[in-house]
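S.K.: no FASTA, just this:
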């Protein structure tokens, strides 16, 4: 039996990341809230096989979203990434969409139904193609 998909909620707002992770757990997935590249590296170093990362692109550090996308792209088991933002899609840095692991956008605030639909659609797909 396959282990349940592991989902990471990456947001620099810890309370929001934890709340979203708890909703994902209610849906039957394993979820972890992460607020920094260091936390993500530690999770990956522990051997976590991430299935999906919900990545807030409006982070405190300039270029942090791209750093996270590069880190995830370099993993042997590459997760799908859904970008998320409280701003309009047009405000997301276009280079974020240049990574083949990025498969969608979920605007904030989102409903439980929107979160569920996003998780189901992205977790039913095969691994993304490699960038190289």
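M.R.: Arrived safely. This structure is a prediction, so every number in the text was calculated from the model and none was measured.
S.K.: contacts and neighbour counts: CA atoms only from here.
M.R.: OK.
S.K.: For the residue nearest to residue 18 when sequence neighbours are not counted, give me the backbone phi and psi.
M.R.: In space, and not counting its chain neighbours, residue 18 is closest to residue 33: 5.4 Å by C-alpha to C-alpha, 6 or more residues apart in numbering. Per-residue torsions, residue 33: phi -90, psi 130 (degrees, to the nearest 10).
S.K.: which residues touch residue 33?
M.R.: 8, 9, 10, 11, 14, 17, 18, 21 (C-alpha atoms under 8 Å, 6 or more residues apart in numbering).
S.K.: Would you map the strands across the protein?
M.R.: Applying DSSP state E to the chain gives strands spanning 6-10, 30-34, 52-56, 80-85, 102-107.
S.K.: wait, which of these is closest to residue 119?
M.R.: Among these, strand 52-56 comes nearest to residue 119, with 8.0 Å by C-alpha to C-alpha.
S.K.: And the contacts of the closest one?
M.R.: Under C-alpha under 8 Å, 6+ apart, the answer for strand 52-56 is 5-12, 65, 79-85, 119, 122-123.
S.K.: Which residues does the residue most central in space within the chain form beta bridges with?
M.R.: Nearest to the mean C-alpha position of the chain, by C-alpha atoms, centre = their mean, lies residue 53 at 1.9 Å. Taking DSSP bridges as the rule, residue 53 bridges to residue 8, residue 81.
S.K.: Since that was my last question, I'll sign off now.
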